[in-house]
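**Student:** structure of the sequence below:
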Amino acid sequence: MIETMTAAKAIVEVMSREGVEKAFCVPGESYLSVMDAMYDYPEISLISGRQEGGVAFMAEGYAKATGKVGVCLATRGPGATNLSIGLHTAYQDSTPLVAFIGQVESNFIGREGFQEVNLAEYFKHIVKWTAELREPSRVPELVHRAFHIARSGRPGPVVISLPVDILDQTAEMVFNSFSVKTKPRPSAEAIEETKALLEKAKRPVILAGGGVTHTKCTPELIKVAETLKIPVVTAFRRFDAFPNNHSLYAGSLGFGIPKYLKDLIQNADVILALGTRFSQVTTQDYTLINRDTKLIHVDISEGELNKVYQPALGIVSDVKSFLDDLLSAVKNHFESGLIDQNYAANARRCYVDFSTPKPINREDFVDLEGVMNDLRNELAEDTILTSDAGNFFGWVSRYFSFNKEGTYIGPTSGAMGYGLPAAIGAKLAHPDRPVIAISGDGGTMMTVQELETCVQYNIPVILIVVNNNMYGTIRMHQEGRYPKRVIGTNLTNPDFAELMRVMGGQGVTVERNKDFVPALQRALSANSPFLIEVLTDPQQISVTKTIEELRGLSANLL
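**Tutor:** Predicted coordinates for the structure are as follows:
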């Protein structure tokens, strides 16, 4: 099909053809033509946020929740640099995202024009691909290519730079229907070698990463694990890759993993790693897997194989396709009499002992272990939880149970301020499901302005603010390395519940555990944005240590 139109309209036409339903932006003069073109495409909802970092997190959370390519738009210079935190998060999380960023006039580029940033240079290390629109007729080619690159191979973010003068230029646009199949399958030889290694294993472990959550193949993984009777461990912040209440689930890797879990991985003779890039956190600073362990590494990106660990068998494949083919092979014939019948059961028992919260009720502060117990008891299984970075996360990762696929959204990059905007994206993706963001007071204040976005568009997310009046994680490290030398980590905060009410939502402050469940039930029944501020003990700096205990440990090391 050939049509004459402006470059701006052609961009939106491609978005429509790519099935975009939601786009997130902070309005900007440099791409105002694109916004105007969107006015004539009612099938695309444009959500206008209050800061580009929050907007990028919304798009990233939406992409994770839907499995589609997320879309965000920002203006040049300051808008682009603000947007970069979300693009970096998408890159480390392998989340498909296309960012349209305004740029100075094409004949001003290179002169340090108003708000000019060399976008290709700035973003080249944190996105998969960058392009700059220089000829209006190439819009269909470049924008379709951007979506293809974002979703194919190891997914990730893509940036398209839009010089403002090009957007209003008219050209003949050629739109063609097309279909690209980009999901490789494993060879029959690879499946047979995998089967042979697993049949000889005495202490095998499956490590499930983002390739499982991205392809939404948890049902296939369950069938494989049950057929092989192998314990499953999830990579950092990939909790929902395998149901946590399943008898074969053994825990999640991350900061401060328990000894039983470290031993399980280090004593494994075969590890089947599915769609993981072996991040620094997952691998405990790249020390977790022993040299003698036979590693089967399955990933859709050839570049991820042999990047951190040398596999005994590296397989380039879509994880879902690999699991389908492996299941067919082992169902037909699988002999493994070498695995101790108590092996998986022992791992499960250790996990349950470690991760089951107690119903603690404090009167002076809110105890987070008690909160996790309440959340496990009160929330429906399809509730989506989002979170960002902070010491509160230790309680979430240890005690909450993610029992359904697609119920956790969080940044492996550890970005603060992610929880609330990601919850907005997730709620827009699944309006009929409860969506709860959990953030610390430090992280909340980084994107707190997006509470008003919730109100403006009536997006009824629930935000739980864990308030200990400090940058807790940094304070924990500070006390560990420089005990009693406190500087820069104390915080003062507004009344968060009142702030939510002033913005037009509902908010309550919880000062003791027994008041948390009534507040949560009220939030779940409200059809409006709702904030629950929980006041926690600033001395309880981690799940296992108080500040005084941490100082004592530091003193003993001196």
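**Student:** which pLDDT value belongs to Q103?
**Tutor:** Looking at Q103, its pLDDT is 83.
**Student:** neighbours around it, how many?
**Tutor:** 29 (other Cβ atoms under 10 Å). Backbone N, C-alpha and C define where each C-beta goes, glycine included.
**Student:** OK, contacts around it?
**Tutor:** Taking Cβ atoms under 8 Å, 6 or more residues apart in numbering, we find Q103 in contact with 30, 76, 109, 116, 119, 132, 161-164.
**Student:** distance of it from L97?
**Tutor:** 18 Å (Cβ to Cβ, to the nearest Å).
**Student:** try I296
**Tutor:** 30 Å.
**Student:** looking at those two, which is more packed in?
**Tutor:** Ranked by neighbour count (other Cβ under 10 Å), I296 and L97 place L97 first, with 30 against 25.
**Student:** and the more buried one, what does it touch?
**Tutor:** 56, 59-60, 63, 69-72, 86-87, 90, 150, 156-158.
**Student:** domain parsing for the chain?
**Tutor:** 2-174, 188-352, 357-557 (automatic domain parsing).
**Student:** just put those domains in CSV and tack on distance to V180.
**Tutor:** Listed next are the domains of the chain as CSV, based on distance: least, Cβ to Cβ, whole Å:
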stretch, distance to V180
domain 2-174, 6
domain 188-352, 14
domain 357-557, 24
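**Student:** looking at these, which is nearest to T182?
**Tutor:** Nearest of these to T182, taken as Cβ to Cβ: domain 2-174 at 4.2 Å.
**Student:** please state the offset of that closest one from the chain centre?
**Tutor:** Relative to its chain's centre, domain 2-174 lies at 20 Å (Cα atoms, centre = their mean, to the nearest Å).
**Student:** number the residues from 42 up from this point.
**Tutor:** With 42 as the first residue, the last one maps to domain 43-215.
**Student:** count of residues packed around the nearest residue to V527 once chain neighbours are set aside?
**Tutor:** Distances taken as Cβ to Cβ, 6 or more residues apart in numbering place Q519 nearest to V527, at 6.8 Å, with adjacent residues excluded. The number of residues packed near Q519 is 21, by other Cβ under 10 Å.
**Student:** list the residues that contact Q519.
**Tutor:** So Q519 contacts 526-528, 530 (Cβ under 8 Å, 6+ apart).
**Student:** that one: which element?
**Tutor:** Following DSSP states H and E, one finds Q519 within helix 513-522.
**Student:** kindly report the same for G484.
**Tutor:** Using DSSP H and E, G484 falls in helix 482-487.
**Student:** V506 now?
**Tutor:** strand 503-508.
**Student:** so what does that strand touch, helix or strand wise?
**Tutor:** helix 460-470, strand 476-481, helix 482-487, helix 537-544, helix 557-566, strand 571-576 (3 or more Cβ pairs under 8 Å, 6 or more residues apart in numbering; DSSP states H and E).
**Student:** let's have those in JSON lines, adding mean neighbour count, mean pLDDT and distance to F280.
**Tutor:** Below are the helices and strands packed on strand 503-508 laid out as JSON lines (neighbours: other Cβ atoms under 10 Å; pLDDT from 0 to 100; distance: least, Cβ to Cβ, whole Å):
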{"stretch": "helix 460-470", "mean neighbour count": "30", "mean pLDDT": "98", "distance to F280": "15"}
{"stretch": "strand 476-481", "mean neighbour count": "28", "mean pLDDT": "98", "distance to F280": "13"}
{"stretch": "helix 482-487", "mean neighbour count": "25", "mean pLDDT": "96", "distance to F280": "19"}
{"stretch": "helix 537-544", "mean neighbour count": "18", "mean pLDDT": "97", "distance to F280": "26"}
{"stretch": "helix 557-566", "mean neighbour count": "17", "mean pLDDT": "98", "distance to F280": "20"}
{"stretch": "strand 571-576", "mean neighbour count": "25", "mean pLDDT": "98", "distance to F280": "21"}
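**Student:** give the bridge partners for I425, please.
**Tutor:** V476 (DSSP bridges).
**Student:** low-confidence ranges in the stretch 342-491 of the chain?
**Tutor:** 378 (pLDDT under 70).
**Student:** ok, P524 - how many residues close by?
**Tutor:** 18.
**Student:** so what pLDDT did R175 get?
**Tutor:** For R175, pLDDT reads 93.
**Student:** err, F219, not the other one
**Tutor:** 77.
**Student:** now it: how far from H189?
**Tutor:** From F219 to H189 the distance is 9 Å (Cβ to Cβ).
**Student:** neighbour count winner among those two?
**Tutor:** H189 (18 against 8).
**Student:** and the helix or strand the more buried one falls within, what does it pack against?
**Tutor:** Per DSSP H and E, H189 falls inside helix 180-192. Under the contact definition 3+ Cβ pairs under 8 Å, 6+ apart, helix 180-192 sits against helix 48-58, strand 138-144, strand 170-173, strand 198-204, strand 211-215.
**Student:** that one vs strand 211-215, what angle?
**Tutor:** 60 degrees (axes from the mean of the first three to the mean of the last three Cα atoms, to 10 degrees).
**Student:** buried by neighbour count: which residues of helix 180-192 qualify?
**Tutor:** Buried positions in helix 180-192, judged by neighbour count with 16 or more other Cβ atoms under 10 Å: 180-181, 183-192.
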